[in-house]
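Colleague: quick one, what's the 3D model for this:
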Amino acid sequence: MAMEDAAADLEAEFGGPGPEDMANGAAALAAALLAQAHTLASTAAALETSDTGHVGAIEAAAARASLALSMAQVVSEASGQARAGLIAAAAKALDVPLGSAVTQLRAAALALPTDDAAARIAAAQIAQEIAAGLG
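Modeller: Sure, this is the predicted structure:
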């Protein structure tokens with residue numbers, strides 16, 4: 001029986017991110033998505049004032065900025081399988097391909113504003129779950 005207890009203790013200790021780690025990971029991922037939205041919106045604004053005539057690029061940057069904002073909200077407010085569905089709906093409404101949404105999400109997961117290793121692991125796990133749900 002002692003061996004089983006030790007195994008259970010080990011599992012609990014090293015079983016992956018806990019609830020607080022997942023909450024911190026979601027917060028960090030949302031913050032990274034907000035930073036991404038800011039960068040994309042700034043790009044769209046700069047292109048708009050540049051007089052280069054790149055209307056398609058302006059629209060694409062603005063749509064992806066809006067999607068990043070939507071994804072940040074979803075990551076912050078929704079949970080589980082609902083996240084993928086909400087992000088898919090936002091991407092469709094903004095005419096952004098799902099592949100681009102997944103790329104933005106993965107990029108945000110790699111650019112987290114934290115050095116908390118458990119939160120980084122949790123954010124990567126959240127991003128992977130959403131990406132898997134998006135197909």
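
Colleague: skipping its backbone neighbours, what lies nearest the most centrally placed residue in the chain in space?
Modeller: Centroid check for the chain by CA atoms, centre = their mean gives Leu105 as the closest residue, at 4.0 Å. Spatially, and ignoring its direct neighbours in sequence, Leu105 is nearest to Ala127 (5.1 Å; CB to CB, 6 or more residues apart in numbering). In this view, the C-beta of every residue, glycine as well, is placed from N, C-alpha and C.

Colleague: mind listing what's buried along the top helix by length along the chain?
Modeller: In the chain, with assignment by DSSP state H, the single longest helix is helix 19-50. Neighbour-count burial for helix 19-50, counted by 16 or more other CB atoms under 10 Å, picks out 21-22, 24-37, 40-41, 43-44, 47.

Colleague: what does stretch 115-123 give?
Modeller: Buried residues in stretch 115-123 (16+ other CB under 10 Å): Ala118, Ala119, Arg120, Ala122, Ala123.

Colleague: surely the second one and Asp21 touch.
Modeller: Yes. Taking CB atoms under 8 Å as the definition, Ala119 is a contact partner of Asp21 at 5.9 Å.

Colleague: to what extent is the residue nearest to Leu105 buried, counted in neighbours?
Modeller: 25 (other CB atoms under 10 Å).

Colleague: identify the residues contacting it.
Modeller: Neighbouring residues of Ala127 by CB atoms under 8 Å, 6 or more residues apart in numbering: Leu29, Leu105, Arg106, Ala108, Ala109.

Colleague: hang on, the fourth one packs against Leu33?
Modeller: Yes. Under the contact definition of CB under 8 Å, Ala108 touches Leu33, with a separation of 4.7 Å.
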